[in-house]
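# let me see the structure of the following:
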Amino acid sequence: MQSRVSTPRTLLAARRQAFGPGVAEPPPPILRSWERCAALGLDFGTRPRIEPLSSVEMRAAFDRNEALRRRCRPEIEALHADARATGGLVILTDAGGLILDTLGNDSFAGRAAQVALRPGVPWSESLTGTNAIGTALVERRAVEVRGAEHYFEPHRILSCAAMPILGPDGAVLGILDLTGPAGIHQGHALGRVGLAVDAIEHRVLDAVPAGCEVLRLHRDPALLGTPREGVLVFEGRRIVGANRHGLALLGLGWDAIGAEAVGRHGADLAPGPLALRDVQGAPLYGRLQGASAPPRRRPAAEPAPGLPATGLPAAGPEAPILDPATQKLLARAVRLIEAGIPVVVEGETGTGKEVFARAAHAACARAQKPFVAVNCAALPETLIEAELFGYEPGAFTGAARHGAKGLLRQAEGGLLFLDEIGDMPLALQSRLLRALQEREVLPVGGTRPVPVDFALICATHRDLFRMVEGGAFRADLYYRIASYRVRLAPLRDRPDRLALVRGLWARTDGPARAVSLSPSCEAALAEATWPGNLRQLAACLKALAALAEPGEVLDLDALPEGVTALPMRGPAPRPEPATGRLDILANEAMRAALAAHGGNVSRAARSLGISRSTLYRRCVTERPVA
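The predicted structure is shown next:
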């Protein structure tokens with residue numbers, strides 16, 4: 001074996017012979033790869049000996065890389081159309097070059113499988129010689145290998161373009177590759193792969209650790225917020241994450257990760273719009289987001305104040321601000337999810353039902369799997385079935401050629417959050433019930449059910465029990481999903497309103513610019529009527545922060561019109577009902593029922609035999625807060 005490829009010189013001569021006379025020297029990455037292969041003693045004239053993984057090993061590898069496969073799926077689907085048109089394949093590998101997924105032209109897939117280009121087969125350079133996947137891993141850069149540039153002769157039927165997917169710390173997460181027949185010019189294959197990898201890496205950086213700041217920058221302000229922007233993540237003055245664009249714009253390498261930033265690359269910047277310079281002095285546009293100072297870190301074993309030691313997430317800049325009563329509800333919801341029991345979250349608009357569901361997901365054993373939120377009221381009625389259950393290729397006019405998984409299957413292993421479940425059409429409720437009972441879904445146009453596994457949280461601002469009584473909601477579905485109901489208190493009933501105002505204000509841009517609220521301003525915000533609950537209060541605080549000047553102390557005159565005019569409580573007594581003594585007795589009976597049922601409007605209304613809306617209108621919205 002060594003006699004055929006003993007030195008780089010004889011190797012180069014052999015490769016020139018394979019290319020034919022007059023062919024220029026191959027690109028440096030290809031030449032370096034051949035030299036590495038020659039040093040390993042690989043015989044380019046033979047077929048490489050590759051052992052695919054066993055089914056057990058393959059399943060373990062797929063499980064280890066499930067998060068990577070999920071993050072890359074949108075880009076793989078997008079590249080799929082190009083692969084089919086050019087007769088090629090989109091390939092995803094893990095960090096070691098093991099093929100995880102292939103998607104594309106069925107005819108070419110068969111030819112590729114003959115050279116072991118299929119899932120479960122490792123394509124590292126040391127095993128398969130010069131190839132785009134293995135060489136991109138070694139070079140840590142985008143690589144294109146065409147036809148005869150492959151080290152082993154059987155692989156010369158391929159033309160491949162691959163690029164590493166890098167994590168925030170510069171570690172290789174995997175390889176994205178676009179491979180086609182060597183006889184067909186692949187055009188801008190490497191450019192398309194590069195754009196897809198940019199989008200994947202940008203999505204990976206969406207999950208920013210608590211207490212960190214994110215610097216987003218680009219030479220073109222129109223590209224801020226796109227996958228082409230540079231991103232750097234700071235913890236204090238230390239860079240803890242980045243993408244390749246952010247490092248390049250500032251002239252930094254991956255060795256900057258973990259180091260303390262100095263000079264103009266430091267973190268001594270105020271959140272908001274920025275004007276910076278790159279290494280050549282050209283202007284950069286950017287924005288710093290996040291808390292200006294990280295919160296005090298607690299030991300992992302120490303629970304957050306007021307939370308039971310049940311694995312609930314510790315408080316952080318993005319954690320929900322919960323009062324003790326809601327903390328107990330959250331702990332119960334987590335235990336129910338762990339036991340496979342659905343939970344229904346009730347509450348007025350803006351009380352934070354989705355925030356509650358996300359906190360429950362983050363605290364349960366399914367936290368590393370997807371959280372899929374579905375707004376049942378926002379899905380188009382004609383497509384809601386296809387959106388939820390997926391569809392087969394060609395199932396209906398306008399369907400994607402390769403079909404779709406559907407939202408229920410996207411939640412596999414994780415948590416499905418069905419928001420506004422009360423707005424789901426009756427016809428679809430029966431299909432959802434069957435999916436929950438059988439733990440499988442039948443895609444539109446399909447003939448074979450697909451198993452599913454997810455935890456379920458539903459949310460509604462409606463009274464589902466009343467809807468069941470009125471025939472607007474299926475009783476069997478209600479009893480299937482409402483094993484346990486959690487009611488989130490409206491803002492007017494929360495005892496921690498002042499602390500809530502202060503906590504929400506601390507998460508705005510204002511404090512980072514030394515903007516503060518006066519005591520009277522804080523009190524007015526805490527006492528005001530907020531029909532939109534937490535959502536409305538948070539929006540008001542953001543508006544105040546945006547309009548404030550650095551160093552300003554905001555007083556009552558800074559508040560929007562109406563905030564101080566509608567106090568939640570005050571000295572003025574509630575007016576006497578105009579309809580006489582009978583109304584007074586009725587209202588007293590309603591208040592007594594509310595007190596007897598701990599403020600639960602639905603139970604109190606049922607005990608009195610009246611509608612919930614009547615009780616709510618007469619004794620909840622009119623009553624002062626004690």
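# ok, which stretches of the stretch 151-300 of the chain are strands?
With strands called from DSSP state E, counting those that start in this stretch, the stretch 151-300 of the chain shows them at 158-166, 172-181, 213-218, 230-235, 238-242, 272-277, 283-290.
# reformat the ones you listed as CSV; add mean neighbour count and mean pLDDT.
Where C-beta positions appear, they are placed from N, C-alpha and C, glycine not excepted. Shown next, in CSV, are the strands of the stretch 151-300 of the chain (neighbours: other CB atoms under 10 Å; pLDDT from 0 to 100):
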stretch, mean neighbour count, mean pLDDT
strand 158-166, 25, 94
strand 172-181, 25, 92
strand 213-218, 22, 87
strand 230-235, 23, 90
strand 238-242, 22, 90
strand 272-277, 13, 59
strand 283-290, 18, 79
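# want to throw those strands into CSV with distance to residue 363?
Shown next, in CSV, are those (distance: least, CB to CB, whole Å):
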stretch, distance to residue 363
strand 158-166, 29
strand 172-181, 26
strand 213-218, 24
strand 230-235, 23
strand 238-242, 24
strand 272-277, 32
strand 283-290, 22
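# so which of those is nearest residue 434?
Distance to residue 434, taken as CB to CB, is lowest for strand 172-181 among the strands of the stretch 151-300 of the chain, at 36.9 Å.
# give me the sheet partners of that closest one and which way each runs.
Listed by DSSP bridges, the sheet partners of strand 172-181 and their directions read strand 89-93 (antiparallel), strand 158-166 (antiparallel).
# would a markdown table of those with distance to residue 239 be doable?
Putting those into a markdown table (distance: least, CB to CB, whole Å) gives the following:
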| stretch | distance to residue 239 |
| --- | --- |
| strand 89-93 | 28 |
| strand 158-166 | 15 |
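# next, the angle from the longest helix along the chain to strand 158-166.
The longest helix of the chain (DSSP state H) is helix 66-85. Angle between the axes of helix 66-85 and strand 158-166 is 150 degrees (criterion: axes from the mean of the first three to the mean of the last three CA atoms, to 10 degrees).
# for the stretch 1-150 of the chain, which segments count as strands?
According to DSSP E, counting those that start in this stretch, the strands that the stretch 1-150 of the chain contains are 89-93, 99-104, 143-146.
# nearest residue to residue 467 other than its sequence neighbours?
In space, and not counting its chain neighbours, residue 467 is closest to residue 473: 3.8 Å by CB to CB, 6 or more residues apart in numbering.
# how about residue 426?
Distances taken as CB to CB, 6+ apart put residue 474 closest to residue 426, at 6.6 Å, once the chain neighbours are dropped.
# what pLDDT is listed against that neighbour?
With respect to pLDDT, residue 474 has a value of 91.
# burial check on it, number of neighbours?
Neighbours of residue 474 under the rule other CB atoms under 10 Å: 17.
# my guess is it contacts residue 432, does it?
No - with contact defined as CB atoms under 8 Å, residue 474 does not count as touching residue 432 (9.1 Å).
# so where's the stretch 351-500 of the chain shaky on pLDDT?
379-383, 394-402 (pLDDT under 70).
# show me where it has helices.
Here the stretch 351-500 of the chain has its helices, by DSSP state H, counting those that start in this stretch, at 353-363, 384-389, 407-410, 426-438, 464-469, 475-481, 497-505.
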